[in-house]
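In: Predicted model and sequence below, questions to follow.
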Amino acid sequence: MTSRPGAPRQTAPAQPRKPAPASSQVWWCALVFAAVLAAYAPALRGGFLWDDAGHVTRPDLRSLAGLGRIWFEIGATQQYYPVLHTAFWIEHRLWGDAVLGYHLLNVLLHGTAACLFGLVLRRLAVRGAWFAALLFALHPVCVESVAWISEQKNTLSAALYLAAALAYLRFARDGSKSESEGEGGSGGKNEGGTGGAGEGRLAFVGTGPISPRERHRAHSHLHFHSPSPSRRWRAYWLATGLFVLALLTKTVTATLPAGLLVIFWWQRGRLSWRRDVAPLLPWFALGAAGGLVTAHFERALIGAQGADFSLGAVERVLLAGRVFWFYLGKLAWPADLVFIYPRWRIDPAAAWQWLPPVAALTLLAAGALAARGRPWGRGLVAAVLLFAGALFPVLGFVNVYPFLFSFVADHFQYLAMLPVLALAGAAGAALVAGLPRWSRLLLAGAVATLLGVLAQAQAGRYRDVFTLYEATLARNPGCWMAHNNLAIALAGAGRLEEAVPHLEQALALRPGFAEAENNLGDDLVRLGRAPEAIPHFERALQLQPRYAVAQRNLGLALAMTGRVEQAAAHFARAVQLEPAYADAEIDWAVALAQTEGFTAAAPHFERALALAPDSADAQAAYGDALAAHGDLDRAVGHYRAALELVPDSAGIHAALAAALRRLGRIDEAREHELAARRAGAPPAR
């Protein structure tokens, strides 16, 4: 390829880029990890946030049998991501509920993904590879994925995704070496393997056109380092295994095979069916299967269906264009990052809403025109295709549950940002190529420091639920979900009076919000205002008749107002909806003991204990029922079992003391009366 007239002369002859020494790669990785740990230091002190309880392993899944359920029981976990939940299972075995362990691992996984990103770009001979890796490591948009424990699905899947890509690029490179050797190590056409000296690749990274002598040198190198077929296929099967693990961690990684084809097209300008497409066909099949399973889970089990998701084809196109530019904008200017962004109103009648999709298509068309004879244009098209392709699952063409409250989220573009940052790294390296080395390092350090400071400030907002939701509401005051979640946190901290206004505001913003109706009713019950709570529970059940928690809570409110028979019916309905709902089973048993007698209640107490053998409430409630029935010896046994679970319970000590007195065991009774007073119970009268 000849240079254009008037094009600036290269300062040095173009040559295939030599691989950096292994020690250099180690030092770069050490720098990346140090930068990540410094930037995310505030996140290490963070607590559990929204949705973390659905990801950190539940008590019923913490055994070996629970691990089996994670893999083989559909619905045992929030989504079918068994590798992710196996990781959480192992983590819980290692450090239980200690939050530091989860946060530290997430930060280290992010650092690992950044290092793998740098290694992939080095394998592709992209200029500015480690600068791009630092951009990814420190970009504030990544904070949501790194500082939020639930998003370990992002950091872990990204590490597996990039490791799979690295292994596959070795397989493809070795295949190109063998192919080049078969052609005699020379020839006019340069197919350029993944690690070879492809013309399109080198032109994209800014090293200029390739001379015949350099092409001959590159092919000669390939000729004398021909890989064995067995080594090549070991790389393929390693890559396939890593890809499957990535899919079972988060299915957005299904975009990898398409991304690899885009990379190969960028390198060579065309694709070969046998060399490029055929080996990836099994990956496409695996990715399609994973995507269908996840889409079904989102719709059927998580609830991504209904009126809130009923967008037409035109609306989805408009949404996709706006989402595309939103994410690009946040990468270019990471200001006003919000945990939950405002939900847009998509309106085809608004002329301006047609501009984003038209602009996106124009950008792609301009790149396609530039790609004709200009390798940098092909690089631009490749970056856009890779970015949009990785975003495809969240562009709006398929429903995902978070669309209920926002069409965008920072963690949605964790993988998609990689090609954009690679392009930025290469462009930055080309722009400063003529500067002295110390100037280039100084500029790179300044950019990295700025991003690190921004990331650190953003990570500080994730230190606890109160800080996170208060920051969200400061920038998105109309976020009904944030009002609801902040109210839950306040109620959990015992700040019920502060929680109620947030729930009322959530219902004002979203009148049909069944969860907020239930939460408001629950807080009112806990404040001793059960009669006010009953209409909220009834409203929640009108909106969502199969809402088992609201059924139970309505029963509790009715029981507190003396309507125990009506309460029993709601407890029974809650158990019917969720047969493993132990708390509802206990409440049903207590209500039956009061209305129909101990004989009717006993089977429900037994079932409650079978469902929750470690429930102090179930043990104590059964003890109360047995004591009322006159079976004091068995009552004492259940009280003692309850005290083994909660040794400092004043109420259970007092109940056990009363039963022991009735049995004439006065000395033992006095011991428990003293324990009850030490625990805060008033003296017996």
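Out: Thanks, I have it. Remember, predicted model here, so these are calculated numbers, not experimental data.

In: Flag the shaky bits of this protein, pLDDT-wise.
Out: 1-22, 174-227, 300-306, 373, 375, 681-685 (pLDDT under 70).

In: Need the single longest helix in it, by residues.
Out: helix 152-182 (DSSP state H).

In: Tell me the gap between it and the middle of its chain.
Out: Remark: helix 152-182 is offset 24 Å from the chain centroid, using C-alpha atoms, centre = their mean, to the nearest Å.

In: same for it, what does it pack against?
Out: Contacting helix 152-182 under the criterion 3 or more C-beta pairs under 8 Å, 6 or more residues apart in numbering; DSSP states H and E are the following elements: helix 82-95, helix 99-123, helix 143-147, helix 212-223, helix 229-247, helix 256-268. To be clear about C-beta, it is placed using only N, CA and C from the backbone, and glycine gets the same treatment.

In: Okay, domains of this protein per the record?
Out: If you go by automatic domain parsing, the domain ranges for the chain are 22-56+97-179+193-208+227-460, 614-685.

In: Now distance to residue 473 too, for those domains, in JSON lines please.
Out: JSON lines is the format used below for the domains of the chain (distance: least, C-beta to C-beta, whole Å):
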{"stretch": "domain 22-56+97-179+193-208+227-460", "distance to residue 473": "9"}
{"stretch": "domain 614-685", "distance to residue 473": "35"}
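
In: Tabulate those domains (CSV), appending mean neighbour count.
Out: Putting the domains of the chain into CSV (neighbours: other C-beta atoms under 10 Å) gives the following:
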stretch, mean neighbour count
domain 22-56+97-179+193-208+227-460, 19
domain 614-685, 18
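
In: Of all the ones you listed, which one comes closest to residue 600?
Out: Residue 600 lies closest, by C-beta to C-beta, to one member of the domains of the chain: domain 614-685, at 10.7 Å.

In: how about residue 545, secondary structure?
Out: Following DSSP: H, G, I helix; E, B strand; the rest coil, residue 545 is assigned to coil.

In: And for it, the neighbour number?
Out: Per other C-beta atoms under 10 Å, the neighbour tally for residue 545 reads 12.

In: hmm, back to that, if you compare the directions of the longest helix of the chain and helix 229-247, what angle comes out?
Out: Per axes from the mean of the first three to the mean of the last three C-alpha atoms, to 10 degrees, the angle that helix 152-182 makes with helix 229-247 is 160 degrees.

In: Which one of the domains of the chain lies nearest to residue 548?
Out: domain 22-56+97-179+193-208+227-460 (14.6 Å).

In: How far away from the center of its chain is the closest one?
Out: Mean-position distance between domain 22-56+97-179+193-208+227-460 and its chain equals 14 Å (C-alpha atoms, centre = their mean).

In: Check stretch 456-472 too.
Out: The answer for stretch 456-472 is 17 Å, by C-alpha atoms, centre = their mean.

In: which residues touch it?
Out: 38-43, 45-50, 140, 143-144, 146-148, 337-340, 479, 482, 485-486, 489-490 (C-beta atoms under 8 Å, 6 or more residues apart in numbering).

In: ditto for stretch 574-584
Out: For stretch 574-584, contacts defined as C-beta under 8 Å, 6+ apart pick out 546-549, 551-552, 555, 571, 585, 588, 608, 611-612, 615, 617-618.

In: Going by neighbour count, which of those are buried?
Out: 547-549, 551-552, 555, 571, 585, 588, 608, 611-612, 615, 617-618 (16 or more other C-beta atoms under 10 Å).

In: ok, of those, which one's closest to residue 90?
Out: residue 612 (25.0 Å).

In: Find the nearest non-adjacent residue to the closest one, please.
Out: Residue nearest to residue 612 in three dimensions, not counting chain neighbours: residue 582, with 3.8 Å by C-beta to C-beta, 6 or more residues apart in numbering.

In: now the one you found: how far from residue 264?
Out: In this view, residue 582 and residue 264 are 55 Å apart by C-beta to C-beta, to the nearest Å.

In: With only the CA atoms kept, save stretch 327-345 in CSV.
Out: These are the backbone C-alpha positions of stretch 327-345, laid out as CSV (Å, rounded to 0.1, in the frame of the first residue of the first chain):
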residue,chain,number,x,y,z
TYR,A,327,-22.9,5.2,27.3
LEU,A,328,-20.4,6.8,24.9
GLY,A,329,-21.0,10.1,26.6
LYS,A,330,-20.3,8.7,30.1
LEU,A,331,-17.1,7.2,28.9
ALA,A,332,-16.0,10.5,27.4
TRP,A,333,-17.2,12.6,30.3
PRO,A,334,-17.8,10.6,33.4
ALA,A,335,-19.7,13.3,35.3
ASP,A,336,-23.0,13.0,37.3
LEU,A,337,-22.8,9.2,37.6
VAL,A,338,-25.9,7.9,39.4
PHE,A,339,-26.7,4.5,40.9
ILE,A,340,-30.2,4.7,39.3
TYR,A,341,-30.6,7.1,36.4
PRO,A,342,-34.0,8.7,35.6
ARG,A,343,-36.1,6.5,33.3
TRP,A,344,-36.6,8.2,29.9
ARG,A,345,-39.9,8.6,28.2
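
In: follow-up on the earlier one: redo the helices and strands packed on helix 152-182 as CSV? Include distance to residue 134.
Out: As requested, those are exported to CSV (distance: least, C-beta to C-beta, whole Å):
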stretch, distance to residue 134
helix 82-95, 26
helix 99-123, 7
helix 143-147, 15
helix 212-223, 29
helix 229-247, 23
helix 256-268, 21
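
In: re earlier: now, the buried ones among the contacts of stretch 574-584 that are in helices?
Out: When the buried ones among the contacts of stretch 574-584 are checked against helices (DSSP H), the matches are 548-549, 551-552, 555, 571, 585, 588, 608, 611, 617-618.

In: okay, the residues you listed in JSON lines with distance to residue 270 next?
Out: Shown next, in JSON lines, are those (distance: C-beta to C-beta, whole Å):
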{"residue": "548", "distance to residue 270": "58"}
{"residue": "549", "distance to residue 270": "58"}
{"residue": "551", "distance to residue 270": "62"}
{"residue": "552", "distance to residue 270": "63"}
{"residue": "555", "distance to residue 270": "68"}
{"residue": "571", "distance to residue 270": "68"}
{"residue": "585", "distance to residue 270": "65"}
{"residue": "588", "distance to residue 270": "69"}
{"residue": "608", "distance to residue 270": "67"}
{"residue": "611", "distance to residue 270": "62"}
{"residue": "617", "distance to residue 270": "68"}
{"residue": "618", "distance to residue 270": "68"}
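
In: Out of those, which is nearest to residue 59?
Out: For residue 59, the nearest member of those is residue 611. The distance, counting by C-beta to C-beta, is 11.8 Å.

In: dump the residue contacts of the closest one.
Out: Neighbouring residues of residue 611 by C-beta under 8 Å, 6+ apart: 580-582, 585.

In: same thing with residue 616?
Out: Here residue 616 is in contact with 642-643, 645-646, 649, 652 (C-beta under 8 Å, 6+ apart).
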